[in-house]
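Enquirer: fold the following.
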Amino acid sequence: MLNASQSTFKKSLKIAFKLSLPVLMGYWFLGITYGVLAESMGYSYWYPLSMAVFIFSGSAEFLGLGMLAANFNPLAAASMALVVGARHLFYGVSMLDRYKGMGWRKPFLIFWLTDETFAVNYNAREATATEMLLVSFLDYFYWISGGFMGYMFGSLLKFDIHGLEFVVTAMFTAIFMDQFLKEKELRPAWIGIGCTAVSLFVVGPQYFVIPAMIGILLMLTVFRKKLEPSYFEEVRK
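Expert: Coordinates of the predicted model:
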C-alpha cells in the first residue's frame, strides 16, 4: 500500500509526464541528432554526455561541438554562449512569481529552465511546485537520454532524421494556439506576434529572438495600464 506522500508524488509524476509529452518527442529527435553529430565528429561519448548534463542548452551544445574542434578560445566560447542563452533572462523574469517560495527546488528549476520547459510550466497555471519541478526534471532527462541514444545507436539508423527538429516548432505553435483560444484578453498575444514579425523582418531569422523579446517587454510595459488588469492578475497566480 502506498502512503499519502507516495500517492501524491505518483499523481504529480503522472501529471508532469502528460504535460511534458510534447517536449519528449522534440527533445528525443533533437537529442538523437546531437548524439549522431558528436559521434560522426569522432568525440568520445563523455563529451556530448557531459555537455548535456552540465550545460543543458541545446543551441550552445551544438555550437560547442564545433568550438571544441577549433582553436582554444575560451573568451569567444563564453561570449557565444552568452549571446545564445540571453533569451533566458526574459524567461527568468517571467517566472519570478511562479517560482517564488520554491525553497530547495528553486536552483533546480533555474538550471533546468529551457525554452520548452518555460512554455510548459508558464502555461500550466494550476501546476503545483512538485509538478513544475518534475516537468523540469523530465525535460532534462529527455535531452540527456536522446543525446545518449543518438551517440550509441546513431550509426545504426537507416533513415534520414534531418529536419525533424520541426517537432519543437510545432510544439510551440500548439501551446500558443491553445493559450490564444483560452484567453479573453488577446492584445498581449497580438503584441507578441507583431514584435516578432517586425524583428524577423529587420534583423532576419538568425538574430530575431532577443530583439523581439525586448520589444514585447517594452510594449507590455508601456501599455500595461490600458490592458485588462485581470490579465496581469491571472499571470501572477
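
Enquirer: just checking, residue 188 touches residue 220?
Expert: Yes - using Cβ atoms under 8 Å, residue 188 makes contact with residue 220 at a distance of 6.3 Å. C-beta here means a position set from N, CA and C on the backbone, and glycine is covered the same way.

Enquirer: do you know how far the spatially closest residue to residue 58 that is not a sequence neighbour is from residue 194?
Expert: Leaving out its chain neighbours, the residue that sits closest to residue 58 by Cβ to Cβ, 6 or more residues apart in numbering is residue 30, at 6.0 Å. Distance of residue 30 to residue 194, computed by Cβ to Cβ, to the nearest Å: 29 Å.

Enquirer: and for residue 206?
Expert: 20 Å.

Enquirer: got any ranges where this structure has weak pLDDT?
Expert: 1-4, 72, 83, 154-172, 174-175, 178-180, 182-185, 224-237 (pLDDT under 70).

Enquirer: helices along that one, start to end?
Expert: 4-40, 46-54, 58-69, 74-85, 88-94, 106-111, 115-123, 129-153, 166-182, 187-203, 209-222, 229-236 (DSSP state H).

Enquirer: make a markdown table from those helices and add mean neighbour count to it.
Expert: As requested, those are exported to a markdown table (neighbours: other Cβ atoms under 10 Å):
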| stretch | mean neighbour count |
| --- | --- |
| helix 4-40 | 18 |
| helix 46-54 | 16 |
| helix 58-69 | 17 |
| helix 74-85 | 13 |
| helix 88-94 | 14 |
| helix 106-111 | 14 |
| helix 115-123 | 21 |
| helix 129-153 | 21 |
| helix 166-182 | 13 |
| helix 187-203 | 15 |
| helix 209-222 | 16 |
| helix 229-236 | 12 |
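
Enquirer: need those helices in CSV (columns: distance to residue 100).
Expert: Converted to CSV, the helices of the chain look like this (distance: least, Cβ to Cβ, whole Å):
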stretch, distance to residue 100
helix 4-40, 19
helix 46-54, 27
helix 58-69, 28
helix 74-85, 23
helix 88-94, 12
helix 106-111, 9
helix 115-123, 13
helix 129-153, 10
helix 166-182, 22
helix 187-203, 21
helix 209-222, 20
helix 229-236, 10
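
Enquirer: pretty sure residue 212 contacts residue 200?
Expert: Yes - the pair residue 212 / residue 200 is scored as a contact, 7.4 Å apart, by Cβ under 8 Å.
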